[in-house]
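S.K.: Just to be clear, the model below is a prediction. Sequence and coordinates:
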Amino acid sequence: MRGLLARLLLNTLAIWIVTLVYPGVRFAPGAGLLDYLVVGAIWGLANAFIRPVLLLLALPLNLLTLGLFTLVVNALVLLLVAAVTPLEVLGFSQALVGALLLSLVSLVLTWIFD
């Protein structure tokens, strides 16, 4: 349970940092701490359950592009999360950059807090 809570907080912190640095991904006006936590939780669930299925379906394209299609899958997951939460993504190209930044920020935060 403690690891799950830590992952939720790291996801939430990573999403918050990306929304501060990149204007293509932002929270809806008036979003509060609870909204941030909900987005972090849904992002974690989407990465745990939906992303592996999408990666399996996209395996031929992923092999053909030597893994670069994973960025597209990450952008699609970010768009999906934005569709059901107060997170706003301005378009697919912004989702692509946002997903890349989110991965990098999450990696750095995991290094720092691990």
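M.R.: That came through, no problem. Residues are numbered from 1 along each chain as shown.

S.K.: What residues of the longest helix seen in the chain count as buried?
M.R.: In the chain, ranked by residue count with DSSP state H as the criterion, the top helix is helix 92-113. Neighbour-count burial for helix 92-113 flags 94-103, 105-106, 109 (criterion: 16 or more other C-beta atoms under 10 Å). Where C-beta positions appear, they are placed from N, C-alpha and C, glycine not excepted.

S.K.: For it, name the packing helices and strands.
M.R.: helix 2-21, strand 25-27, helix 69-84 (3 or more C-beta pairs under 8 Å, 6 or more residues apart in numbering; DSSP states H and E).

S.K.: Not counting its own residues, what contacts the second one?
M.R.: Spelled out, that is strand 25-27. Strand 25-27 has contacts (C-beta atoms under 8 Å, 6 or more residues apart in numbering) with 15, 18-19, 35-36, 39, 78, 82, 86-90, 94-95, 98, 101-102.

S.K.: What would the helix or strand following it look like as PDB? C-alpha coordinates only.
M.R.: Using DSSP states H and E, the next helix or strand after strand 25-27 towards the C-terminus is helix 33-45. C-alpha atoms of helix 33-45 as PDB (Å, rounded to 0.1, in the frame of the first residue of the first chain):
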ATOM      1  CA  LEU A  33      -5.600  19.200  -5.300                       C
ATOM      2  CA  LEU A  34      -8.200  16.500  -5.500                       C
ATOM      3  CA  ASP A  35      -8.400  16.900  -9.300                       C
ATOM      4  CA  TYR A  36      -4.600  16.600  -9.500                       C
ATOM      5  CA  LEU A  37      -4.700  13.400  -7.400                       C
ATOM      6  CA  VAL A  38      -7.500  12.000  -9.600                       C
ATOM      7  CA  VAL A  39      -5.500  12.600 -12.700                       C
ATOM      8  CA  GLY A  40      -2.400  11.000 -11.100                       C
ATOM      9  CA  ALA A  41      -4.500   8.000 -10.100                       C
ATOM     10  CA  ILE A  42      -6.100   7.600 -13.500                       C
ATOM     11  CA  TRP A  43      -2.700   8.100 -15.300                       C
ATOM     12  CA  GLY A  44      -1.300   5.300 -13.100                       C
ATOM     13  CA  LEU A  45      -4.200   3.000 -13.900                       C
END
